[in-house]
Structure formats: structure tokens, C-alpha cells
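Engineer: got a predicted model here, sequence first, then my questions.
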Amino acid sequence: MSIRAVVWDVDDTLFDYTTADREGMRAHLGAEGLIDGYGTPEQALAHWREITDLQWARFAAGEISFEGQRRDRVRVFLEVELSDAEADAWFERYMGHYETAWALFPDVLPALDALAASHRHAVLSNSSLHVQDRKLRVLGVRDRFEAVLCAAELGVSKPEAEAFHAACDALELAPHQVAYVGDHPEIDGRGAADAGLLSVWIDRDGQYATVDAPAGPHRIVSLAELPAILGTDSRFGAPSTFR
């Protein structure tokens with residue numbers, strides 16, 4: 001049976017999270033007077049990303065709430081005991097800088113336009129609905145998706161099959177009728193494949209050698225490649241020249 005819907009990851013798939021996080025944190029650390037304590041901005045940013053990954057893993061494992069992982073990121077980074085309110089305030093100041101750098105990848109709107117008539121669309125993210133729904137609205141694409149599902153509300157995170165199946169259930173489609181597009185080779189790529197979806201892993205930077213790619217997902221470096229994988233005869237809004 002043909003693929004009838006595409007479910008999308010958000011951060012570093014649709015939305016250029018890495019750039020926004022880097023530029024936002026760089027501006028925030030400067031405003032907070034914290035860069036000098038790390039030698040270089042790059043060292044400070046690397047430390048922040050390491051802490052983010054560790055705290056996110058705790059959230060994904062169900063050890064801490066979504067809000068709790070944010071607060072602990074701040075506490076560990078600053079190495080200071082903070083109340084919840086103090087940690088929230090620091091993080092909100094960071095968010096102000098972070099949001100000024102929000103942007104979609106250049107290939108996102110052409111891909112969504114190319115697939116608008118042929119496929120239904122939804123989002124599945126390991127974040128919270130409050131965060132991702134607002135992000136998609138600010139970026140001007142929320143109306144492209146029938147449903148937005150997030151781990152914080154689902155109570156289960158990718159790469160668990162239940163997360164992917166929840167997205168399929170929201171669309172009232174079987175997993176084999178749904179494609180999933182995400183940037184992480186294991187959480188998105190292998191996870192979707194193991195759950196029975198057509199898995200498309202976008203490796204924008206080409207940082208993984210083909211021999212290191214997980215078995216199962218289709219690997220692409222641009223969303224321009226997606227229509228061909230889905231079997232549609234349109235490429236970025238124009239009829240295909242291939243017959």
C-alpha cells in the first residue's frame with residue numbers, strides 16, 4: 001500500500017535548532033557576563049549542549065519532567081543552587097535570545113508545498129506541545145499539519161514504537177502507510193523503521209558515513225530527495241520531468 005502521510009520531527013529537521021541554539025546561547029551568555037568563565041564562547045556552548053543532552057536523556061527515560069530538565073540544565077551549567085523560579089527566569093532570558101534566531105531550513109517550504117496535495121502531514125517530537133505548537137505557529141507552518149504530538153503529553157518518547165504508533169493512530173492510518181522524517185539516525189531513523197513506518201533519515205551535514213548508517217531508514221541529505229522516495233510525481237511544486 002502506498003504512503004499516505006508524512007510525520008515530521010521538528011528540531012533540526014524542519015527547524016534549524018542547532019543554529020538557533022548556538023546563536024541564542026552565544027548572545028545570552030554575553031548578556032549574562034558568563035563567556036569569560038569558559039575561555040571561549042565555543043567552549044561555553046559545548047558545555048551547554050553536553051548538559052542539554054544529559055538532561056534530555058533523563059526526561060526521555062521518564063526520570064524528570066519537561067520543566068524539570070530545563071531547570072536542571074540551568075543549575076548544572078551555572079553550578080549554583082537555584083529555586084525553580086530562578087532557574088525558570090534564567091531560561092526565559094535565554095529563550096528571548098534563542099527565539100530571535102528561529103528559522104526553517106530553506107528546503108522545508110518547497111518540500112511541504114510539493115507534498116501538500118499528495119500526502120497528509122503531522123508532527124511527532126520529543127518535546128512538549130506548548131513549545132512545538134508555538135514554534136510552528138511563529139515559523140508560519142502550523143496549519144500544514146493535521147496533528148502535533150509531543151513526548152511530554154504522550155508519556156512516551158521516540159525511539160519507542162508506541163510514540164510512532166500514536167502518530168499513526170492520530171491520522172487513523174497503519175504504520176506501513178506512514179513515512180517518518182527525522183534527523184537523528186537512531187531516535188528517528190532506526191526508531192521509525194523498527195516501528196514499521198517508512199523511515200527517512202535526513203543527514204543534512206553528511207556527517208555519517210554510509211557504512212555507519214543504521215539499517216532500515218532511507219538516508220537523504222536534502223528534503224529535495226523526499227518526493228522521489230514517497231513515489232510522488234511532483235518535485236518542489238513542479239511536475240516531474242521523469243516519466
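Structural biologist: Alright, I've got the coordinates.
Engineer: got the domain ranges for the chain?
Structural biologist: Annotated domains of the chain cover 5-16+103-239, 17-99 [automatic domain parsing].
Engineer: centre of the chain versus the longest one, how much separation?
Structural biologist: Centroid separation for domain 5-16+103-239 versus its chain: 9 Å, with C-alpha atoms, centre = their mean, to the nearest Å.
Engineer: what lies in contact with the longest helix along the chain?
Structural biologist: Counting by DSSP state H, the longest helix found in the chain is helix 41-60. For helix 41-60, contacts defined as C-beta atoms under 8 Å, 6 or more residues apart in numbering pick out 21-22, 25-26, 29-30, 34-35, 37-38, 64-66, 68-70, 72-73, 76-77, 126, 151, 157. (Glycine included, C-beta is placed from N, CA and C.)
Engineer: tell me how far it is from the chain's mean position?
Structural biologist: Distance, centroid of helix 41-60 to centroid of chain: 16 Å (C-alpha atoms, centre = their mean).
Engineer: now do the helix or strand immediately after that helix in the chain against helix 41-60, angle only.
Structural biologist: Per DSSP states H and E, the first helix or strand lying C-terminal to helix 41-60 is helix 66-78. Per axes from the mean of the first three to the mean of the last three C-alpha atoms, to 10 degrees, the angle that helix 66-78 makes with helix 41-60 is 150 degrees.
Engineer: buried ones in helix 66-78?
Structural biologist: With burial defined by 16 or more other C-beta atoms under 10 Å, the residues of helix 66-78 counted as buried are 66, 69-77.
Engineer: check stretch 129-140 too.
Structural biologist: Residues of stretch 129-140 classed as buried: 129, 131-133, 135-136, 139 (neighbour count, 16+ other C-beta under 10 Å).
Engineer: any idea how many residues pack against Leu54?
Structural biologist: Using other C-beta atoms under 10 Å, Leu54 has 13 other residues around it.
Engineer: please read the previous query as pertaining to Thr52.
Structural biologist: Other residues near Thr52 come to 17 when the count uses other C-beta under 10 Å.
Engineer: residue ranges with poor pLDDT in the chain?
Structural biologist: Applying pLDDT under 70 to the chain flags residues 1, 207-215, 233-243.
Engineer: what ranges do the helices span in it?
Structural biologist: Under DSSP H, the chain gives helices at 17-32, 41-60, 66-78, 84-99, 108-115, 129-138, 151-154, 161-171, 191-194, 226-230.
Engineer: right, and Trp102 touches Val138 too?
Structural biologist: Yes - counting by C-beta atoms under 8 Å, Trp102 touches Val138, with 6.3 Å between them.
Engineer: related to what we said a few turns ago, how about the longest helix of the chain: buried residues?
Structural biologist: By neighbour count on 16+ other C-beta under 10 Å, the buried set for helix 41-60 is 41, 44-45, 48, 51-52, 55-56, 59-60.
Engineer: repeat that for stretch 10-20.
Structural biologist: 10-17, 20.
Engineer: could you work out the most separated pair of the residues you listed?
Structural biologist: Thr13 and Ala20 (13.3 Å; C-beta to C-beta).
Engineer: deepest-packed of the domains of the chain, please.
Structural biologist: domain 5-16+103-239 (a mean of 19; mean count of other C-beta atoms under 10 Å).
Engineer: now for the closest residue to Ala87 other than its chain neighbours: which residues touch it?
Structural biologist: Spatially, and ignoring its direct neighbours in sequence, Ala87 is nearest to Arg71 (3.9 Å; C-beta to C-beta, 6 or more residues apart in numbering). By C-beta under 8 Å, 6+ apart, the contact list for Arg71 reads 82, 84, 87-88, 91.
Engineer: for those, which one is nearest Ala228?
Structural biologist: Closest to Ala228 out of the contacts of Arg71 is Phe91 (41.1 Å), distances taken as C-beta to C-beta.
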